[in-house]
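> Based on what follows, work out the 3D shape:
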Amino acid sequence: MRRKTRGGITAGFRRVGLTQRGVAFVVASAIAFVVAYVLGFQQLLYVAIALAALPLIALVLVRVRRPKLSVTRSFSPHVIEAGSTATVSLLVHNLTGAPTLRVRWWDEVPWVSSGTVVGELLGLQPRGARYSRGNTAALEYELRPPRRGIFNIGPFVVHLSDAFGFASTTYSVGQAQEVVVTPEVVALPETSLSVSAGDGEARIVQRRSAGDADDSITREYRTGDAMRRVHWRATARHGDLMVRQEEHRSFPEAGVILDTRGIGYDDLSGDERTGYLDSDSFEWAVSMLASVAVHLRRYGFLVKVQESGPPQLGRHPAPGRTRHDEELLTELAELRLTITSTSALDMSRSVDKGRGSNGPIVAIVGNPDSQTVEWMMRQRRPGDVAVVFMVQGASGLGSLDPAVGSRLSKAIPVTTKRLTDAGWIVIPVRSDDDHAAAWEAVEFQSGRSHVGR
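Prediction:
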């Protein structure tokens, strides 16, 4: 599936000027003028004029011959996963009646230094011939976003120079286009946590009666039963019409908790005043959330996500309905760390009474404060399997405030013991750990906890 945006025809100038070669010719011309005047060499004066004229003519040429272009950009896929590769397709159409000079082009990409050339267009031909396609160039390049988020790709930038390289101009065509980069989704292995409620959404609970296999899935015909449900083999054996029994399905629900408060991550960086906060531990947590949610849904669970801070994700699906993976991942692309007051937290920390039973509860946090821990513990019901991944920065030091990082590091053993005593399985991880290995560690820790008890 592709999403297309038509670029504008008007272009914005960035720079029109002489190249190093052009500047060198101008300097040489000035020196020739001085020498011709001092020594009285008239022939040298003609050389000086020629040296100055060539760059100036080239400067006018690149200004006049600047082509009018239109650009159509499309992405495949239209939603990109962080770390994966997408193809960007460009259709560049020359709207002028003359071929262009030699040009270089690139798309501005946030995580690539500006001016990085990713391709060339050599001599776009003018349109005129009815069946000619030379006036349009189809271009492609690969895009590999390193992190999740909403990014602007573009505008399309053209660098035009004359044949001798005396002058050049750089200008943009069209507008930038937003691209959605979702968090990386890691394939998680099957564990007892994945099937802790049975076969999940596809689990079939059948009413069985005495008899053989046919008898266990059939019953006597009742008025109103559809004939397509008649079980003919059982009918022939019993001598009466027998129909297949209705299959009853269970829909176990799993809860996933994410700590979105910046104070809970020891590698927090950024500016609190602008509201832009960053953390490698939080990025690991978001990727783990996406992986767990997709994994549990594929095993039939209805997944409900809760945030420790003010809600940023959309409303949870009603019972019996599931949110598409792409919808959740798109919302996670915009999820941000927050700095909130206690009053704001109290409003968002109600117990999830709508979550059904039979499913696990998975929490992904950094170093949560006591209020967050209390709220997490209230979400667990008696008998629920509860797992918490506690993410630490790879360096183990807080970059926003070393004192905060030291305080949180000291609080880890206390928080771990508190959660363990409450029946939670605590998995300590680092922001550079493998998500699949962390998920497998649940099986090991679960076995240890049972042995310990």
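> quick one: the strands in the stretch 51-200 of the chain?
Under the criterion DSSP state E, counting those that start in this stretch, strands of the stretch 51-200 of the chain are mapped to 69-76, 79-81, 86-94, 102-107, 119-122, 136-143, 149-153, 156-161, 167-173, 177-182.
> what's the answer for the stretch 201-350 of the chain, then?
204-205, 218-220, 242-244, 248-249, 253-258, 269-271, 276-278, 302-307.
> Who are the packing partners of the second one?
To tie it back to what came earlier, the one meant is strand 218-220. strand 242-244 (3 or more Cβ pairs under 8 Å, 6 or more residues apart in numbering; DSSP states H and E). (Each C-beta comes from the backbone N, C-alpha and C, glycine too.)
> could you redo the strands of the stretch 201-350 of the chain as JSON lines and give each row distance to Val109 and mean pLDDT?
Shown next, in JSON lines, are the strands of the stretch 201-350 of the chain (distance: least, Cβ to Cβ, whole Å; pLDDT from 0 to 100):
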{"stretch": "strand 204-205", "distance to Val109": "50", "mean pLDDT": "30"}
{"stretch": "strand 218-220", "distance to Val109": "63", "mean pLDDT": "81"}
{"stretch": "strand 242-244", "distance to Val109": "58", "mean pLDDT": "82"}
{"stretch": "strand 248-249", "distance to Val109": "47", "mean pLDDT": "49"}
{"stretch": "strand 253-258", "distance to Val109": "29", "mean pLDDT": "92"}
{"stretch": "strand 269-271", "distance to Val109": "22", "mean pLDDT": "78"}
{"stretch": "strand 276-278", "distance to Val109": "19", "mean pLDDT": "81"}
{"stretch": "strand 302-307", "distance to Val109": "30", "mean pLDDT": "90"}
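> Export those as TSV, with columns for mean neighbour count and distance to Ser76.
TSV is the format used below for those (neighbours: other Cβ atoms under 10 Å; distance: least, Cβ to Cβ, whole Å):
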stretch	mean neighbour count	distance to Ser76
strand 204-205	10	39
strand 218-220	17	50
strand 242-244	19	45
strand 248-249	12	37
strand 253-258	24	30
strand 269-271	14	33
strand 276-278	16	29
strand 302-307	22	28
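> For the ones you listed, give me CSV that also has distance to Ala138.
Compiled in CSV, the strands of the stretch 201-350 of the chain are given as follows (distance: least, Cβ to Cβ, whole Å):
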stretch, distance to Ala138
strand 204-205, 51
strand 218-220, 62
strand 242-244, 56
strand 248-249, 49
strand 253-258, 42
strand 269-271, 41
strand 276-278, 38
strand 302-307, 41
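> so Ala58 touches Phe25, yeah?
No: judged on Cβ atoms under 8 Å, Ala58 makes no contact with Phe25 at a distance of 9.2 Å.
> Give me the common contacts of the two.
Common neighbours of Ala58 and Phe25 (criterion: Cβ atoms under 8 Å, 6 or more residues apart in numbering): Phe166.
> right, so of the strands of the stretch 201-350 of the chain, which gets closest to Ser192?
Among the strands of the stretch 201-350 of the chain, strand 253-258 comes nearest to Ser192, with 13.5 Å by Cβ to Cβ.
> right, so of the strands of the stretch 201-350 of the chain, which gets closest to Ser70?
Nearest to Ser70, of all the strands of the stretch 201-350 of the chain, is strand 276-278, at 34.9 Å by Cβ to Cβ.
> Which strands or helices does that closest one pack on?
strand 269-271.
> Give the partner strands of the strand it packs on in its sheet and their orientations.
Neighbouring strands of strand 269-271 in its sheet, by DSSP bridges, are strand 276-278 (antiparallel).
> How far does the strand it pairs with sit from its chain's centre?
16 Å (Cα atoms, centre = their mean, to the nearest Å).
> Check stretch 160-169 too.
Relative to its chain's centre, stretch 160-169 lies at 39 Å (Cα atoms, centre = their mean).
> Quick check: buried residues in it?
Neighbour counts over stretch 160-169 (16 or more other Cβ atoms under 10 Å) mark Leu160, Ser161, Asp162, Phe166, Ala167, Ser168, Thr169 as buried.
> Ala24 is in contact with the fourth one, correct?
It refers to Phe166. No: using Cβ under 8 Å, Phe166 makes no contact with Ala24, being 9.4 Å away.
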